[in-house]
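K.L.:
any chance you could fold what I've pasted below:
(one chain, ligands or ions: 1)
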Amino acid sequence: MITRNEIFEQPRKHGILSRRYRSLSRPLVDFIEKNGPACVDFVGCGTSYFLAMGCAKQLERLSKGRIKSSYYSGSEIMLGLAAPSKGDLLIGLSRSGTSTETLLALEKARRDGVKTAALTCHPGSVMIEMADLPVVMDFIEESAIVMTKSFTSMAFFVSALARELFTPGSLDDYLSNIPVSSRAVLDGSLNFLETLAIADFDHFVFLGYDEYFAASMEGIIKVTEMSLTEADCYQTLEYRHGPKSKVRKSTLAVVSANERSLGEELAMAGEIEKLGGRPVIISCGKVEGFANIVTRYGGKDFGDWFLRAVPLQLLGLERAIAKNLDPDRPRNLTKVVQL
Ligand SMILES: O=P(O)(O)OC[C@H]1O[C@](O)(CO)[C@@H](O)[C@@H]1O
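P.N.:
Residues are numbered from 1 along each chain as shown. Presented below is the predicted three-dimensional model:
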């Protein structure tokens, strides 16, 4: 099963990226340091759109106000509904480097005087040719239709870039920490899944804030495309404001908690449990009283945000298998959407 293998090899791929990161990031770092763009924005489609969301939040967080960062879907720029400003840097995110909307968004931005960069896993793609600053991670050759390791690896690259630009003293620790955290999350997720009769759950709820919200939104794509299972995503406390009416015995709620709001997020998880649902908490450190997947990431800066998608990838995979669906052949989908 291709998708399964690609989910499982993430810690190893993150180790390779860790070692190759500095040579990959050089041109981008040099450009940003020399030109000092006021905004560094991201654009992508589907999974790469939620990647853009998390990357923008992470870059802005680490910059502590020094730059602004927005995220766009390829279509909103293509359709003229949104536009980065002249003098901004727009980074196109695309595993394939060939999604039409992302390419047209970059082309339009370039015409408007915006500098463009491209982050992709596919060498020789159109996006590489057209961007001012291409970054190719050809060692993340992803074969599956469903994006897993390409999502976490491109996110890892941008999160490391944020540190190199704004907290350079923390980069080495970060590069060595992520492959270890990646392994911890994968193992922790598998242990949790062993305790779960996944066939009993036909409703997934993913909750979190900021970068963890972006990872939760990516979770929706994963369980939808692989397992055709009902899935919802909200900011954690927003779940009280209506959506909790859907909670039932077959609801599995994954709360991707952060340090600052941990107490309130655990209270939400407790409420879901009282309503009959089954909560599980993803957190940096151990929490008591709930099923718990621990990332063992030391920082409080959401630097593990993309690893929060790994348990959700596995949920989609396992639920698909339980439903006799083939995760390698998601319904109605192709690897790239070309218009
Ligand atoms: O990152 P790319 O290659 O632009 O592709 C994104 C596409 O991949 C998918 O994740 C899977 O087909 C879709 O969400 C999206 O259309």
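K.L.:
use CA for all of it now, contacts and neighbours both
P.N.:
Noted.
K.L.:
list the contacts of residue 312.
P.N.:
Residue 312 sits next to 216, 219, 222, 223 when contact means Cα atoms under 8 Å, 6 or more residues apart in numbering.
K.L.:
swap the cut-off to 6 Å and go again
P.N.:
residue 219 (Cα atoms under 6 Å, 6 or more residues apart in numbering).
K.L.:
what's the burial count for residue 34?
P.N.:
The tally of other residues near residue 34 (other Cα atoms under 10 Å) stands at 9.
K.L.:
beta partners of residue 283?
P.N.:
residue 294 (DSSP bridges).
K.L.:
quick check, it in contact with residue 294.
P.N.:
Yes: with contact defined as Cα atoms under 6 Å, residue 283 and residue 294 form a contacting pair (5.2 Å).
K.L.:
the ligand contacts on the stretch 51-200 of the chain?
P.N.:
94, 95, 96, 97, 99, 145, 146, 147 (Cα under 6 Å from any ligand atom).
K.L.:
for stretch 75-90, output the C-alpha coordinates as CSV.
P.N.:
Output of stretch 75-90 as CSV, limited to C-alpha atoms (Å, rounded to 0.1, in the frame of the first residue of the first chain):
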residue,chain,number,x,y,z
SER,A,75,-8.1,30.1,-7.3
GLU,A,76,-8.7,33.3,-5.3
ILE,A,77,-5.6,34.9,-6.9
MET,A,78,-6.4,33.4,-10.3
LEU,A,79,-9.9,34.8,-10.1
GLY,A,80,-8.8,38.2,-9.0
LEU,A,81,-10.5,37.9,-5.6
ALA,A,82,-7.3,38.5,-3.7
ALA,A,83,-3.8,39.7,-4.6
PRO,A,84,-0.5,40.1,-2.9
SER,A,85,1.0,43.6,-3.2
LYS,A,86,3.9,44.7,-5.3
GLY,A,87,7.1,44.2,-3.3
ASP,A,88,5.8,41.1,-1.5
LEU,A,89,7.3,37.7,-1.9
LEU,A,90,4.8,35.0,-2.9
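K.L.:
can you give me how far that stretch is from the chain middle?
P.N.:
21 Å (Cα atoms, centre = their mean, to the nearest Å).
K.L.:
so what touches that stretch?
P.N.:
Residues contacting stretch 75-90 (Cα under 6 Å, 6+ apart): 37, 39, 40, 41, 42, 101, 104, 105, 113, 114, 115, 116.
K.L.:
before we move on, the earlier item: what's the farthest-apart pair in the residues of the stretch 51-200 of the chain next to the ligand?
P.N.:
97 and 146 (15.3 Å; Cα to Cα).
K.L.:
so what pLDDT did residue 36 get?
P.N.:
Residue 36 carries a pLDDT score of 86 in this model.
K.L.:
sticking with residue 285, tell me its helix or strand.
P.N.:
For residue 285, there is no helix or strand it lies in under DSSP states H and E.
K.L.:
from the ligand, how far off is it?
P.N.:
According to Cα to the nearest ligand atom, to the nearest Å, residue 285 stands 30 Å off from the ligand.
K.L.:
what's near enough to touch that residue?
P.N.:
Counting by Cα under 6 Å, 6+ apart, residue 285 touches 294, 296.
K.L.:
now with 8 Å, please.
P.N.:
Going by Cα under 8 Å, 6+ apart, residue 285 touches 294, 295, 296, 297.
K.L.:
looking at these, state which has the most neighbours.
P.N.:
In the contacts of residue 285, the most neighbours by other Cα under 10 Å go to residue 295, 26 neighbours.
K.L.:
now it. Its backbone dihedrals?
P.N.:
Backbone torsions of residue 295, given as degrees, to the nearest 10, read phi -90, psi -20.
K.L.:
which residues does it contact?
P.N.:
By Cα under 8 Å, 6+ apart, the contact list for residue 295 reads 181, 182, 184, 185, 188, 282, 283, 284, 285, 304, 307, 308.
K.L.:
would you turn those residues into JSON lines with pLDDT?
P.N.:
Output for those, formatted as JSON lines (pLDDT from 0 to 100):
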{"residue": "181", "pLDDT": "97"}
{"residue": "182", "pLDDT": "98"}
{"residue": "184", "pLDDT": "97"}
{"residue": "185", "pLDDT": "98"}
{"residue": "188", "pLDDT": "97"}
{"residue": "282", "pLDDT": "98"}
{"residue": "283", "pLDDT": "97"}
{"residue": "284", "pLDDT": "96"}
{"residue": "285", "pLDDT": "94"}
{"residue": "304", "pLDDT": "98"}
{"residue": "307", "pLDDT": "98"}
{"residue": "308", "pLDDT": "98"}
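K.L.:
nearest to residue 195, of the residues you listed?
P.N.:
residue 188 (11.2 Å).
K.L.:
and the closest one, how many neighbours does it have?
P.N.:
Residue 188 is flanked by 17 other residues according to other Cα under 10 Å.
K.L.:
and if you look at residue 24?
P.N.:
17.
K.L.:
helices or strands up against the lengthiest helix in the chain?
P.N.:
In the chain, assigned by DSSP state H, the helix with the most residues is helix 10-35. Judged by 3 or more Cα pairs under 8 Å, 6 or more residues apart in numbering; DSSP states H and E, helix 10-35 is in contact with strand 133-136, helix 149-166, helix 171-194.
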